[in-house]
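A.B. asks: fold the following and give me the result.
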Amino acid sequence: MEERRNASRNLSCIPAYVESKHEESSLLALIHDVSSTGALLFTQAKLDVDEEVSLNLYLSPDSQPPREAVGKVVRVERRALDRSDVWQWEIGVEFHESIDQYADEIEALL
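C.D. replies: Numbers count the residues shown, from 1 in each chain. The predicted model follows:
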């Protein structure tokens, strides 16, 4: 798989909600991997490339309010049918600003 990010990826299992202008309500997502510049999400709904999104990240039980990351969708792929019973879509998001301020919380999850 071609490396698309400037920062190193950390495999994760971070719950998140995705808000976009095209969806009436927040979408539940699972962050498969994350870096300071972007994330790969598993979702149940397809989003569009270049769509602006806001992620509410639940990095720990103390993440109240949830941590926020804003960016745009840069990649959308249908997951293989044998692995997509719940999460049908892989969505690549590039953050507008680095989320380095959450690095310690993300590291604690790994």
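
A.B. asks: going forward, measure contacts between C-alpha atoms and count neighbours the same way
C.D. replies: Fine.

A.B. asks: where does the protein dip in pLDDT?
C.D. replies: Under the criterion pLDDT under 70, the flagged ranges of the chain are 1-12, 62-63, 110.

A.B. asks: helices of that one, start to end?
C.D. replies: Taking DSSP state H as the criterion, the chain carries its helices at 103-109.

A.B. asks: farthest from the middle of it: give me that residue.
C.D. replies: Asp82 (21.7 Å; CA atoms, centre = their mean).

A.B. asks: mind listing what that residue touches?
C.D. replies: Asp82 sits next to no residue when contact means CA atoms under 8 Å, 6 or more residues apart in numbering.

A.B. asks: now the closest residue to Leu81 other than its chain neighbours: how far from Ser35?
C.D. replies: The shortest distance from Leu81 to any residue other than its chain neighbours is 7.8 Å, reached at Gln88 (CA to CA, 6 or more residues apart in numbering). Noted for Gln88: a distance of 22 Å to Ser35, by CA to CA, to the nearest Å.

A.B. asks: of those two, which one has the most company?
C.D. replies: Ser35 (21 against 18; other CA atoms under 10 Å).

A.B. asks: nearest spatial neighbour of Ser20, skipping sequence neighbours?
C.D. replies: Spatially, and ignoring its direct neighbours in sequence, Ser20 is nearest to Val53 (4.8 Å; CA to CA, 6+ apart).

A.B. asks: what is the neighbour count of the one you found?
C.D. replies: For Val53, the neighbour count with other CA under 10 Å is 21.

A.B. asks: quick one: contacts for Leu55?
C.D. replies: Contacts for Leu55 (CA under 8 Å, 6+ apart) come out as Ala16, Tyr17, Val18, Glu19, Glu68, Ala69, Val70.

A.B. asks: surely Ser26 and Thr43 touch.
C.D. replies: No. Here Ser26 lies out of contact with Thr43, judged by CA atoms under 8 Å, at a distance of 11.2 Å.
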